[in-house]
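Enquirer: With the sequence up front, the predicted model follows.
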Amino acid sequence: MLMTLTLSAALVLTGTPAQATKPVSFRGFTIQIPVSWKVKKDPIGGLDVITGACSKRATECPGFSLGGPRAIAYASEGGTYRPGQPYHPSSGVVECVPDRRYLEGVPPVRPSRAATVQVGAGHQARFTEWRLGCQTKTSKPVPVSFTQRIWYLRKEKVLVVDQWKTPGLGNILAKAVWK
């Protein structure tokens, strides 16, 4: 009954049905994600949110990760995350996210976008977006690339990494509710 009322109210107010959501809590904040998305714990204490079907060719399923202090400690070449740098926790070469046949190429010097954004009321994140190319094992560029987006909340010790340009993720994070 409550779901019906919520959907009906959304139709009346906006003309479009509201998408059913579920809460995900992490390090003092809660976000609302679509019920179809799956959440699983990662080995270092974070959460992986899977937003779609997994491809056999990709190195990971579409989605994003929520990381805490351990993810921040090992987010840059095996060292601490450095704002203004892509997320690269390995100290070596890594596979290209959308197609494991290739390797991630050399990152650009500057992000394609950078800004300070709200993640819930009263909490700011450093947002950076990188367009990362892929290459063969012999360093030959290929026409495969991906966008990596990072929200870094230094004070809260939270790192959100999205390598799939998840639709609506910026709005979801902007509406986060903090304890």
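Expert: On my side now, so go ahead. Residues are numbered from 1 along each chain as shown.
Enquirer: from here on, contacts and neighbour counts on C-alpha atoms
Expert: Will do.
Enquirer: any idea how far the residue nearest the centre of the chain is from residue 122?
Expert: Nearest to the geometric centre of the chain sits residue 162, at 2.3 Å (Cα atoms, centre = their mean). In this view, residue 162 and residue 122 are 22 Å apart by Cα to Cα, to the nearest Å.
Enquirer: Ok, residue 173 next?
Expert: In this view, residue 173 and residue 122 are 12 Å apart by Cα to Cα.
Enquirer: and the two? which has more neighbours close in?
Expert: residue 173 (21 against 8; other Cα atoms under 10 Å).
Enquirer: before we move on, the earlier item: pLDDT wise, what is the residue nearest to the centre of the chain at?
Expert: For residue 162, the model assigns a pLDDT of 98.
Enquirer: Tell me who's in contact with it.
Expert: Taking Cα atoms under 8 Å, 6 or more residues apart in numbering, we find residue 162 in contact with 63, 64, 65, 148, 149, 150.
Enquirer: any low-confidence regions in this protein?
Expert: 1-17 (pLDDT under 70).
Enquirer: Can you show me the helices along it?
Expert: 2-14, 69-73, 169-174 (DSSP state H).
Enquirer: Just among the contacts of residue 162, which is most surrounded?
Expert: The most neighbours of any of these, using other Cα under 10 Å, belong to residue 149, which has 27 neighbours.
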